[in-house]
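Enquirer: Here you go, sequence then predicted model.
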Amino acid sequence: MINPFVLLVADLLDRTFGELPENMHPVVMIGNIIYKIQKIIPSSNSKNPKMDLIKGIILNLSVIFILLIIVSIVDYLLNFLPSFLKLVGQSIVISTVIGHKSLIEFSKSPLEYLKNNDFENARKSVQHIVSRKTAELDESHIISAGIESASENITDSIIAPLFYTIFFGIYGAVIYRAINTMDAMLGYKNEKYNYYGRFSAYLDDIANFIPSRIAGLILAISAPFYGGSILKGLKGYFYQGNKTPSPNSGYTMAVLANSLDMQLEKIGYYKLGQGEITLKKGYQSLKAIDCTTFGFLIIYGLIYGILFMK
C-alpha cells in the first residue's frame, strides 16, 4: 500500500495547477497510442463481429502492455532518487492522471452562464460534459446534466485512479487511466464500435465497480460538509444507486440527488431523488467533489496509520 502522503500531494498538485499542456499530457499520449493501434487493426464496422471483438481485446491488451513498459522505465528512474524525492516524483506522475481541478471547472461553467441568464452558452457548455442533446434543455435540466456529470466523474476522474494507486502505485494510476480512456474513445454502441469497443466498455465497468461504490459511500458520509443529509444520501445509495443504465455511475448521482433534496433526470432514462433543482444546489455539488476527495484521502490515511504506523 502506498504512502498516503503521495496521494495527498498528487491531488493537491492537480487541484492547484490542473492539467498539463496537451503536448505533455499522459492522457493525450494514451489516446495517440489507441489511435495508432486502431490504424493497424481497424474495425470492420460490425461486418465481422467476432473478429471485431478479438481486435478490440488485442487493442486493449496492447495499450496496457505498452504503458506497462513506459511506466516501468519511469519507476526504474524514480528508484535512483532519495526516498523523499521518490515520493514527490510518484506524486507528480499520479497528479497527471487525476482530473480534480478540470472536473470542478467543467462542471462550474454552465452554472456561471446560468447565473448570468446566458442559456445559449450554458447549453453549449454542458454539451462538452454530457452525451445527450442539450439544445432544448431548460434551466433545471441544464443544471441536472452538469450535476450528473460532476457526480459520476468523481469516480472516473479522482477516486478510481487514487484507489488503484493505493495497491499498484503509479502502475495502477496509469493503467486505470488507460482503461478509462479506451472506454471513452471506443465504448460506443454504434456501427464502428458496437463489437470493437465492447471489451473496452466491459473492462471500464469492472475497473469502476469498487471505486464507484466507495465514492458513493464517502459522498454520503461527507454530506454535512456540502450542506446535505447523510441519511438521505445513504437512502439514495441503497435504493437508487442501481437505477441507471450504467452499473456504476448511479451510486454517486443517487447519493447527491437525495442528500441535497433534488431530482436529477436524464429524460427517457432515469430520475433520481426528489425536489427542486437550483443553482445553489449546483454549487453545493461542486463542493461535494472536494468533500468526497478529501474524505477519501483522510479515511485512507487513517487506515494506513492503523496498519503500518508503530
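Expert: Great, that's in hand. Residues are numbered from 1 along each chain as shown.

Enquirer: any idea how far G216 lies from P224?
Expert: Noted for G216: a distance of 16 Å to P224, by Cβ to Cβ, to the nearest Å. Glycine gets a C-beta too; all of them are placed from N, C-alpha and C.

Enquirer: out of these two, which sits in the more crowded spot?
Expert: Between G216 and P224, counted using other Cβ atoms under 10 Å, G216 has the larger neighbour count: 30 against 12.

Enquirer: tell me the SS of that one?
Expert: With DSSP: H, G, I helix; E, B strand; the rest coil as the basis, G216 sits in helix.

Enquirer: can you tell me which residues contact it?
Expert: Neighbouring residues of G216 by Cβ atoms under 8 Å, 6 or more residues apart in numbering: Y237, G241, Y251, T252, A254, V255.

Enquirer: Can you tell me which residue is spatially central in the protein?
Expert: D156 (1.5 Å; Cα atoms, centre = their mean).

Enquirer: Return the set of buried residues in the strand or helix carrying I73.
Expert: Assigned by DSSP states H and E, I73 falls within helix 49-78. Across helix 49-78, burial judged by 16 or more other Cβ atoms under 10 Å covers 52-53, 55-57, 59-60, 62-63, 66-67, 71, 75, 78.

Enquirer: Turn the residues you listed into CSV, columns for distance to I41.
Expert: Conversion of those to CSV gives the following (distance: Cβ to Cβ, whole Å):
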residue, distance to I41
D52, 10
L53, 12
K55, 5
G56, 9
I57, 10
L59, 6
N60, 11
S62, 9
V63, 12
I66, 14
L67, 17
V71, 23
D75, 29
L78, 33
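
Enquirer: would you turn those into a markdown table with pLDDT and distance to D183?
Expert: Output for these, formatted as a markdown table (pLDDT from 0 to 100; distance: Cβ to Cβ, whole Å):
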| residue | pLDDT | distance to D183 |
| --- | --- | --- |
| D52 | 96 | 16 |
| L53 | 97 | 15 |
| K55 | 97 | 16 |
| G56 | 96 | 11 |
| I57 | 97 | 14 |
| L59 | 97 | 12 |
| N60 | 97 | 10 |
| S62 | 97 | 16 |
| V63 | 97 | 12 |
| I66 | 97 | 17 |
| L67 | 97 | 15 |
| V71 | 97 | 19 |
| D75 | 96 | 25 |
| L78 | 96 | 28 |
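
Enquirer: which sections of this structure are below the confidence cut-off?
Expert: Along the chain, the parts satisfying pLDDT under 70 run over 132, 310.

Enquirer: Now do the strands in it.
Expert: With DSSP state E as the criterion, the chain has strands at 264-266, 270-272.

Enquirer: from the contacts of G216, which is closest to F296?
Expert: Distance to F296, by Cβ to Cβ, is smallest for T252 among the contacts of G216, at 12.0 Å.

Enquirer: dump the residue contacts of that closest one.
Expert: Taking Cβ under 8 Å, 6+ apart, we find T252 in contact with S151, E152, I154, T155, S212, A215, G216, L219, T292.

Enquirer: Relative to G216, how far out is it?
Expert: For T252 relative to G216 (Cβ to Cβ), the value is 5 Å.

Enquirer: Also N258?
Expert: Counting by Cβ to Cβ, the gap from N258 to G216 is 11 Å.

Enquirer: Residues that sit against both of the two, list them.
Expert: Residues touching both N258 and G216 (Cβ under 8 Å, 6+ apart) are Y237.

Enquirer: quick revisit: now, among the buried residues of helix 49-78, which is nearest to A173?
Expert: V71 (8.8 Å).

Enquirer: The closest one reaches V174, doesn't it?
Expert: Yes - counting by Cβ atoms under 8 Å, V71 does reach V174; the two are 5.1 Å apart.

Enquirer: And I230, how far from P224?
Expert: The spacing between I230 and P224, counted by Cβ to Cβ, is 7 Å.
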